[in-house]
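Novice: Provide a 3D model corresponding to the input given below.
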Amino acid sequence: MTTADKFKYEWQAGLLAWAAQFWMLQSLPAESYWVVILLLFSAMVLMPLSRRLWNSESRQEWRPKVESGSALLMTCTFFTNSAAEAIPWLLVRSAAAIEAVRNCSRKTLRDPAELTLVSARIFPAIGAAWFVAHRANWTPWGFDPLIVLLTAAHFHHAGFTLPLIAGLNAKESPSCWTRFSCVAILLGVPLVAVGITCTHFGALKFVEPFGVAVLVLGALGVAVSQVWRGLDWQRSILTRICFLTSGASLFAAMVLALGFGLRYVIPNLALTMPQMWAIHGTLNAFGFGLCGILAWRDAVKSAESL
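Specialist: Presented below is the predicted three-dimensional model:
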């Protein structure tokens, strides 16, 4: 039995539970409602759906069930107004991050593809910590609660699907281009977070646009790789559509991100913040993340059947 067969009920249950949040969480403030929905989509659907792509998890059948349960528990925090229900998610994501670090070898540290895949296990733990802070009404360094929530969402999407798919592309097709994409993403994800912090304190305002530019360059490389795979006529039509949609969505999302990152330099290029999390976030979650993972699942399945 394949990894996907073992764990398919976890992501299917997560999808149903996530769909229920559309009306269950309607009482949330309008400004944070969609951000929460997108964050939960990563935890409940994208992460379980990507388990086929993690070889190590096939030997740990208990972990996916615990992770899925903790993801479902996350929604309870919005009804109890307590951070307690978010702590199990922080624990499982921290455990995954610690395991990823412990399994690193010298070869891993020298290989951008492997290191990027490792970062896809580490960055979500940072997002989980910010999510706990948000539910506990903590405002680290005086950040607005919405920024705290957006930071949590950032590390659940840009910190998960982007390095995951970048690493898969680099492993499948090693080249200077794919390796550069991995390095740029490894640097860009934390640089954007640091840049936002610098902007918040009114210091080193160049760090944010620089970090966004680095991340965008890496992401554009991934977008090109995804589109290139979508042009492979040997793949099924649905897989090709998913690869093409994933690449096109990421390209569009990164153009918007670049405009927003340069808002202090060229204000006319930037969307408003509500527009950014609605359009940019949706493109990343559904167009790039979901379609990208579905495409790679089928690619891995095809490789396993050979």
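Novice: Low-confidence stretches in the stretch 201-306 of the chain?
Specialist: 261-270, 304-306 (pLDDT under 70).
Novice: Okay, buried residues for stretch 239-255 please.
Specialist: Buried positions in stretch 239-255, judged by neighbour count with 16 or more other CB atoms under 10 Å: 239-240, 242-255. Placement of C-beta: from N, CA and C, glycine included.
Novice: mind checking how far that stretch is from the chain centre?
Specialist: Between the centre of stretch 239-255 and the centre of its chain there are 15 Å (CA atoms, centre = their mean, to the nearest Å).
Novice: what does that stretch rub up against?
Specialist: Residues outside stretch 239-255 that contact it (CB atoms under 8 Å, 6 or more residues apart in numbering): 162, 165, 215-216, 219-220, 222-233, 235, 279-280, 283-284, 286-289, 291-292, 294-295, 298-299.
Novice: picking up where we left off before, please list the members of the buried residues of stretch 239-255 that lie in helices.
Specialist: Judged by DSSP state H, the subset of these located in helices is 239-240, 242-255.
Novice: For residue 294, give its distance to residue 175.
Specialist: For residue 294, the distance to residue 175 (CB to CB, to the nearest Å) stands at 24 Å.
Novice: neighbour-wise, which of the two wins?
Specialist: residue 294 (19 against 12; other CB atoms under 10 Å).
Novice: That one reaches residue 50, doesn't it?
Specialist: No - look at residue 294 against residue 50 with CB atoms under 8 Å: they stay out of range, at 9.8 Å.
Novice: Please report how far residue 88 lies from residue 66.
Specialist: 8 Å.
Novice: ok, these two, which is more surrounded?
Specialist: residue 88 (18 against 14).
Novice: what helix or strand is that one on?
Specialist: Of the helices and strands defined by DSSP states H and E, residue 88 is found in helix 87-102.
Novice: Toward the C-terminus, what is the element adjacent to that helix?
Specialist: Taking DSSP H and E, what comes next after helix 87-102 is helix 106-110.
Novice: Show me what that following helix is packed against.
Specialist: For helix 106-110, the contact count by 3 or more CB pairs under 8 Å, 6 or more residues apart in numbering; DSSP states H and E identifies helix 112-135 as packing neighbours.
Novice: Buried by neighbour count: which residues of the helix it packs on qualify?
Specialist: For helix 112-135, by 16+ other CB under 10 Å, it's 112-135.
Novice: residues touching the most centrally placed residue in the chain, list them.
Specialist: In the chain, the centroid-proximal residue (CA atoms, centre = their mean) is residue 157; its distance is 2.0 Å. Applying CB under 8 Å, 6+ apart to residue 157 gives the contacts 38, 42, 281, 284-285, 289.
Novice: how close does residue 221 sit to residue 254?
Specialist: The value you get for residue 221 to residue 254, if CB to CB is used, is 10 Å.
Novice: In contact with residue 124, which residues?
Specialist: By CB under 8 Å, 6+ apart, the neighbours of residue 124 are 42, 47, 93, 96-97, 155-156, 159-160.
Novice: again, but for residue 207
Specialist: Per CB under 8 Å, 6+ apart, neighbours of residue 207: 191, 194-195, 198-199.
Novice: for the stretch 151-300 of the chain, what spans make up the helices?
Specialist: 161-172, 176-200, 207-230, 237-261, 273-275, 281-282, 291-305 (DSSP state H, counting those that start in this stretch).
Novice: And for the last one, what's in contact with it?
Specialist: Looking back up the chat, that one is helix 291-305. Outside of helix 291-305, the residues within contact range by CB under 8 Å, 6+ apart are 2, 4, 46, 49-50, 52-53, 161, 164-165, 168, 172, 226, 229-230, 235-236, 238-239, 241-243, 245-246, 249-250.
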